[in-house]
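**Student:** Task: produce atomic coordinates for the following.
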Amino acid sequence: MKIIKKILWLILIVLLISQFFRPDKNAGDLASIDAFLAETNPPEDVKLILKESCNDCHSDVTRYPWYNNITPINYWLAGHIKHGKGHFNMSKWEGNSTKRKDHKFEELIEMVEDKTMPLNSYTWTHKEAKLNDEQRKAVIDWAKQVRLKYSLEPKPE
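**Tutor:** Predicted structure coming up:
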């Protein structure tokens, strides 16, 4: 019994000390997605969907929940954000080629159709981010229009 008590104390001390170490926050501003919005021209309903369901993990603009102040949860969230931005980052849109942008929208369509985005782990705590069929259709229709625009652009030789 003494060994279990010592282990529990050790775990408690480690958790308390870990609260002083935190990952960097994803602290950008809304201006970082202006180029993406200007280029892709989403309708107002899709802009709202992007804000509620996508920005936190796919841009430099993240609204952190209260539980982000708890280590190790904040590291878990930081990992999700880093992973999401690695796949699709609206804040770093300008530096991509037309071919890459088109591919990102192809993936976006696929993941929204398959209902793998937004992630279930995100919608559990952000109920407003869960997309209904009408919202999915709006995002997919917009994304297909953007892909059509990219397909019509002249290809570099």
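
**Student:** So which residue is dead centre in the chain?
**Tutor:** residue 57 (1.8 Å; CA atoms, centre = their mean).

**Student:** could you say which helix or strand contains that residue?
**Tutor:** Assigned by DSSP states H and E, residue 57 belongs to helix 55-58.

**Student:** who does that helix touch, helix- and strand-wise?
**Tutor:** Contacts defined by 3 or more CB pairs under 8 Å, 6 or more residues apart in numbering; DSSP states H and E place helix 55-58 against helix 73-87. Where C-beta positions appear, they are placed from N, C-alpha and C, glycine not excepted.

**Student:** Show the average pLDDT along the helix holding residue 57.
**Tutor:** Mean per-residue pLDDT for helix 55-58: 86.

**Student:** just stretch 132-152 next, same as before
**Tutor:** For stretch 132-152, mean pLDDT is 92.

**Student:** buried set for that stretch?
**Tutor:** Neighbour counts over stretch 132-152 (16 or more other CB atoms under 10 Å) mark 135, 138, 139, 140, 142, 143, 146, 147, 149, 150 as buried.
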